[in-house]
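Engineer: please work out how this folds:
(2 chains)
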Protein chains: 2
Amino acid sequence: MTLNPALDLTYRVGELVRHGTHRVSAVAERPGGKGLNVAGVLHALGEPVLATGLLGGATGGRVTALLAADAVPAAFTPIAGETRRTVAVADDVSATGFWEPGPPVTPGEWAAFVAHFRGLLRDADVVALCGSLPPGVPVDAYATLVRLAAAGGVPSVLDTSGAALRHGLAGRPDLVKPNAAELRALTTPADTGRHEAGAARALSCGARAVVVSRGPDGLFALTRDQAWRCVPPERLTGNPTGAGDACVAALARGLRDRTPWPELLADAVALSAAAVAAPLAGAVDPETYRRLLPAVRVRAA
Amino acid sequence: MTLNPALDLTYRVGELVRHGTHRVSAVAERPGGKGLNVAGVLHALGEPVLATGLLGGATGGRVTALLAADAVPAAFTPIAGETRRTVAVADDVSATGFWEPGPPVTPGEWAAFVAHFRGLLRDADVVALCGSLPPGVPVDAYATLVRLAAAGGVPSVLDTSGAALRHGLAGRPDLVKPNAAELRALTTPADTGRHEAGAARALSCGARAVVVSRGPDGLFALTRDQAWRCVPPERLTGNPTGAGDACVAALARGLRDRTPWPELLADAVALSAAAVAAPLAGAVDPETYRRLLPAVRVRAA
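Structural biologist: Numbering: from 1, shown residues only, chains lettered A, B, ... in the order given. Got it, this is the predicted structure:
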C-alpha cells in the first residue's frame, strides 16, 4: 500500500552542469514509491498481489497506465490532487535527484480510502504499509490502518519513517522494518544509539517485531523474546535503492505464510541482495536470488 | 501552432547540489512551447486565438487541462506518444534546465494533423508556426503548412531554428522571426556574419520579410525594398524567455491587420519588453506595454 506514490522519471544526460541547460538523451518512466516496488517484486515472484493507495491527476493516470503495462493488479482511491513526480538525472558519474512534494489529500478523500481499505481487507492475507504520508493524511494514519487490519485478522508490515513511523507503531504492527537511519530517529539521546537500542525502542512503542535493514551488513531482528542476525554470504555491487523494498516483500510473504524466523530472514536477505543485482528498484535478479538463498546464514543474537 | 509542445515544470530548491538529492519546495506547471506562449499572449490581449499542434499521453492531457484552466481555446491533434516535459530547477542563484526529447510522431499522425490544419485555415486570419519539430515530422513540415496557408489566403509567421527553419523558408512564409543565433545558422562563411547578411540570406531562401530579434538591441526588419530598425526606449530587467514569443504574437496580429511596418515593429518591441517585465513566459505586463508603446522609435535603415 502506497499513500504517496510517484511517477519516477530518470533522465540521462552527458554531464550535469549547475545552472546549465541539458538536452535529455533518454527518459525512463516507472511507477515509484516503496509500496509499488514491494508489489512489483511480489508480482515478479508470482505471488498474488494488489497495489492500493492514493493516485490523482494526469500523473496518477500515467502511474495507473504503467502498472497496467506491467500487469500489476491495482485498485487505488482517486484524489483531486496531482500525484507527485521524482526526477533522477543520471550522468556518467552519479545521479542528482529532485523529489516533488506529495499532493494535498482532503479529509473526504482520506475517509474514502479508509473505507476502500476496509473492503480490500476481506480478501487480504497480509498488508504492507509503505512510505511517506502526503499532506492532509493524518500523522497517525498507519496506526489506524494497522488496527483495521488486525481487527480483520490480517497481519501488517510497516515501512515508513519519521513521525509517520513513530505514530504508526502505536497501532501495534506485526512487523516494522526501519533502516538504521529511520531507527536512529526513534531513539533518544539516552539510548546508546546502536541499532539494538533502537529496535528495543520500536518494540516498546508498540511493534510486535522489528527487522532492521543494515545495507551490506544484513538484517537484525528483534521480538519480545528473540533476536537474530542475518548477513548476506557475499557483497554485491549494484543499485541499492530497491533493496529495502525487496526485504519488505519477503517479510510480507513470510508473515502471510507463518514462515519460521530463520527462514524468513534468510529469504529477506537473499531477495534484498537480488534487488541490488537488478538495475531498477522494484525488480529482483532471479539468478542472484536462487544462488544466494541456500548460502545465507542466520544466527541467534 | 506548436508541433512539439511541452509541459513546463519549474522546481524551486534551496541550492542545486550536483549528485545530491533535493526536496522540491514548490512545483509550478504550465503549458510550454513557443506557439502556446504566442497563443497565451494574444489571449491575454483579448485577441481571438486557437492553439493547435500535436499532444499525446498523460502529459499531453495535462497540457490540455492547463490550457482549459487558462481559458485558451485549443484544438490539438492527438498522438500516441507522450508529450515531452521540460524541468527548470530554480535555486537562489539561477536555473538549471532539463529538456526531454519530443515524442515520436507517425506518418499517419502527421497526415491527420495536416488535414486538421487545412480545416482550421477556413476560419483563420493569420497563422504563427512556432518551435522545433518532434521526431517523425518531415523536416520540410513548415514549408508544407506555409504553402497550405497561402493557398487558403492566410498569411503566416514562422519562428523556428536549424533545419526546420532552412527548409521552412522554401514555403515562402510572409514573415520569419529568427533571433541572432538562429540567423547565424542560416549564413555561410562567405557572409559577413552580421544580422543584415543573415536577413538577406533568409529573403533569398524564400521569406517575404524577416524580423530579427536582437534582445535588448530591439528588432531589425528587412523586406525586398525596405529595412527598419526599432529599439526599446529603455533597458528592462526581468525574464527574457518569453520576449521572442511576445514579438511573434505582435507580428501575427499586425500581419492580420495589415499594420504598416513602423507601427508593427513598435508594437512588437513594446510587447517584447512587456514580456521581459512579466515573471512567466507567455505573459506580458500590461502596464509596461502601455507605457513603452508611445515611446518606441522606428527608423528606416
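
Engineer: list, one by one, the residues from chain A near chain B.
Structural biologist: Counting by C-beta under 8 Å from any C-beta of the partner chain, the positions of chain A adjacent to chain B are A:9, A:11, A:13, A:16-27, A:29, A:57-59, A:61-62, A:65, A:82, A:85, A:87, A:89, A:93-101. From N, CA and C alone the C-beta is placed, and that goes for glycine too.

Engineer: go again with 7 Å.
Structural biologist: A:11, A:16, A:18-24, A:27, A:58-59, A:61-62, A:65, A:87, A:89, A:93-101 (C-beta under 7 Å from any C-beta of the partner chain).

Engineer: write the ChimeraX selection for whichever of the residues you listed are buried.
Structural biologist: To isolate the buried members of these in ChimeraX, using 16 or more other C-beta atoms under 10 Å in any protein chain shown:
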select /A:11,16,22,24,27,58,59,61,62,87,89,95,96,97,98,99,100
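
Engineer: in strands only, show me the residues of chain A next to chain B.
Structural biologist: Among the residues of chain A next to chain B, the members found in strands (DSSP state E) are A:Y11, A:T21, A:H22, A:R23, A:V27, A:V87, A:V89, A:A95, A:T96, A:G97, A:F98, A:W99.

Engineer: the last one and B:V27 touch, don't they?
Structural biologist: Just to be clear, that refers to A:W99. No - A:W99 is not in contact with B:V27 according to C-beta atoms under 7 Å; the separation is 10.4 Å.

Engineer: kindly check the end-to-end length of stretch A:170-185 for me.
Structural biologist: Using C-alpha to C-alpha, to the nearest Å, one end of stretch A:170-185 lies 16 Å from the other.

Engineer: pull up the gap between A:M1 and A:E109, please.
Structural biologist: Plainly put, A:M1 is 15 Å away from A:E109 if you go by C-beta to C-beta, to the nearest Å.

Engineer: more crowded one of these two?
Structural biologist: Taking neighbours as other C-beta atoms under 10 Å in any protein chain shown, A:M1 and A:E109 compare with A:M1 leading, 28 against 21.

Engineer: for chain A, name the helix or strand with the lowest mean pLDDT.
Structural biologist: helix A:180-184 (a mean of 89; mean pLDDT, DSSP states H and E).

Engineer: hmm, who's touching that one?
Structural biologist: Residues outside helix A:180-184 that contact it (C-beta atoms under 7 Å, 6 or more residues apart in numbering or on different chains): A:S161, A:L165, A:G193, A:H195, A:G198, A:A199, A:A202, A:V212, A:R214.

Engineer: in that helix, which residues are buried?
Structural biologist: A:E182, A:L183.

Engineer: right, and the helix or strand after that helix?
Structural biologist: Once the chain leaves helix A:180-184, the next helix or strand it forms, by DSSP states H and E, is helix A:195-205.

Engineer: and that next one, what's buried?
Structural biologist: A:H195, A:E196, A:A197, A:G198, A:A199, A:A200, A:R201, A:A202, A:L203, A:C205.

Engineer: so how far is chain B from A:A268?
Structural biologist: The spacing between A:A268 and chain B, counted by C-beta to the nearest C-beta, to the nearest Å, is 26 Å.

Engineer: so which strand or helix has that residue?
Structural biologist: Going by DSSP H and E, A:A268 is in helix A:261-276.
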